[in-house]
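Colleague: Just to be clear, the model below is a prediction. Sequence and coordinates:
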Amino acid sequence: MASVSDYPFFFTWTAQHAAKPLEITGGDRAHFTTADGGTWLDLGTLSYQVNAGHGRRPIVEAIKRQADELCLSAPNAVYPAKTELARRLLAMAGRGFEQGKVFFTLGGAEANENAIKMARLVTNRLKLVSRYRSYHGASMGALTLTGDWRRPAVEPGVPGVVHVQDCYCDRCPFGQKVETCKRECATNIGETMRLEGPQSVAAVFLEPVQNSGGCFPPPPGYFDRVREICDHYEVLLVSDETICAFGRIGGMFACEDLKYQPDMITCAKGMTSGYSPIGAMIASDRLFEPFRTGTTYFPHGYTFGGHPVSAAVAMTNLDIFEREGLYQHVREQAPAFRASLERLLDLPIVGDVRGEGFFYGIELVKDKATRETFDDDESERLLRGFLSKALFDAGLYCRADDRGDPVVQLAPPVIIGQPEFDQIEQILRSVLTEAWSRI
């Protein structure tokens, strides 16, 4: 069997990633196929991107149509697909973005790099605030914003980044319960700004539902409090929706679903459902105001940002969302998805089921009563030694992760419904029951 080292490329490399990589050959709707003839239910949407599902012929046809008409262009050129996509994104971003601007990139990391630059230029401040378990991308600035296990390997990174506590409600860092807490996780942002000197802080970067560590949704009122703090100190709020936009939580943008007003939105992945690379930093009206006149300069210019083919793909993908009512579908089906997953709470190994929309984490514990988690050796045996392979062999492609506490993470295409929910629950139940018997 070939290993990663036999291939002339790699993604993230450690000695533990030496198993044979996926050789994907095709897909249809919620499933993909591999070179050995296998078919899997895609609960990871191949890195949180295939929101509208695999094998969408209209998108493939849009690629050919756009390539026949205009296959490439200069990054500063104007063409219909790019112009219309920018207008569409601003319209869907809603209040405060009507006269804003879209800065196209190739992905979420570049979009966050743009947001870093914009925040520092507009505020003339250096410092940036993000959360400890966050993930904002693999480029240097975005990776410095990142608070999870990936950051230490490249430190010191970009100067001026400060990290704060997460919304880890099941294991609250402040020892509180959701029902009675006073949103100390939000207040911690304000307290950190005060200690750092609020006049030095340019922006706060937050994911609507935090990805790394296993889907941490904010408690009620969290973003209201963060917005108040940012307004009080005249600090910008950046909503990093690289994963959470385009139906993942419900609407086109998760800030709409969670009802908060950011100053910038960064997005990527689901904009094209992964069929072609694109990302965007969307700046609100007031942020772009200094650039409308005078000599204020914003150093943006990615060669392939807003590429004609990617822009056309994004437009067709968003057409599918609207034509098939996928935003409404997620909102209607999300309670059923949650209920299906919460049936697993009767298993002794399942400590928590959390998330929003079609984005969930199932946290695994050794002792449900005490919330005791697994030590490093146990996690190694449980996740890498059994669980990941067992889930895959059972027909589910999803992430079993111990970059925080052990979690099974689910982000399926937003087209699925109750038949798939039941299948997911049944397979997870079987595999997790066997995992418990092996502890």
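Modeller: Noted; the coordinates are in hand.

Colleague: which non-adjacent residue is nearest His232?
Modeller: Of all residues not flanking His232 in the chain, Gly190 sits nearest, at 7.4 Å (C-beta to C-beta, 6 or more residues apart in numbering). C-beta here means a position set from N, CA and C on the backbone, and glycine is covered the same way.

Colleague: number of nearby residues for the one you found?
Modeller: 21 (other C-beta atoms under 10 Å).

Colleague: What separation is there between it and Ser130?
Modeller: Distance, Gly190 to Ser130, by C-beta to C-beta, to the nearest Å: 15 Å.

Colleague: sorry, back to before: ok, the residue nearest to His232 to Pro198 distance?
Modeller: Separation of Gly190 from Pro198 (C-beta to C-beta): 9 Å.

Colleague: can you list residues touching both of these two?
Modeller: Residues touching both Gly190 and Pro198 (C-beta atoms under 8 Å, 6 or more residues apart in numbering): Tyr233.

Colleague: which secondary structure elements does the helix or strand harbouring Glu228 contact?
Modeller: Secondary structure assigned from DSSP states H and E places Glu228 in helix 222-233. Here helix 222-233 touches helix 184-196, strand 201-206, strand 236-240, going by 3 or more C-beta pairs under 8 Å, 6 or more residues apart in numbering; DSSP states H and E.

Colleague: Spatially nearest residue to the residue nearest the centre of the chain, not counting backbone neighbours?
Modeller: By C-alpha atoms, centre = their mean, the chain has its centre lying nearest to Ile243, at 2.4 Å. Closest residue to Ile243 apart from its sequence neighbours, by C-beta to C-beta, 6+ apart: Tyr48 at 4.5 Å.

Colleague: got a list of what that neighbour touches?
Modeller: Tyr48 neighbours (C-beta under 8 Å, 6+ apart): Asn211, Thr242, Ile243, Arg248, Lys269, Gly270, Ala411.

Colleague: Out of these, the closest to Ala109 would be?
Modeller: Thr242 (8.0 Å; C-beta to C-beta).

Colleague: pLDDT score for the residue nearest to that closest one when sequence neighbours are not counted?
Modeller: Take Thr242 and drop its neighbours on the chain: the residue closest to it by C-beta to C-beta, 6+ apart is Gly108, 3.0 Å away. In this prediction, Gly108 carries a pLDDT score of 97.

Colleague: I'd guessed Gly108 sits against Thr266; true?
Modeller: Yes. Gly108 is within contact range of Thr266, at 6.2 Å (criterion: C-beta atoms under 8 Å).

Colleague: list residues touching both of those two?
Modeller: The contact sets of Gly108 and Thr266 overlap at Asp240, Thr242, Gly279 (C-beta under 8 Å, 6+ apart).

Colleague: So which bits of the helix ranked longest in the chain are buried?
Modeller: Counting by DSSP state H, the longest helix found in the chain is helix 418-438. Buried residues in helix 418-438, counting neighbours by 16 or more other C-beta atoms under 10 Å, are found at Glu420, Phe421, Gln423, Ile424, Glu425, Ile427, Leu428, Val431, Leu432, Ala435.

Colleague: For the fifth one, give me its contacts.
Modeller: By C-beta under 8 Å, 6+ apart, the contact set of Glu425 is Ser340, Leu341, Arg343, Leu344.

Colleague: Please list only the buried members of those residues.
Modeller: Using 16+ other C-beta under 10 Å, the buried ones in the contacts of Glu425 are Ser340, Leu341, Arg343, Leu344.

Colleague: Are we agreed that the third one is in a helix?
Modeller: Spelled out, it's Arg343. Yes. When DSSP: H, G, I helix; E, B strand; the rest coil is applied, Arg343 is found to be in a helix.

Colleague: start the count at 237, not 1, going forward
Modeller: Sure thing, new numbering starts at 237, so read that last one as Arg579.

Colleague: confidence score at it?
Modeller: 98.
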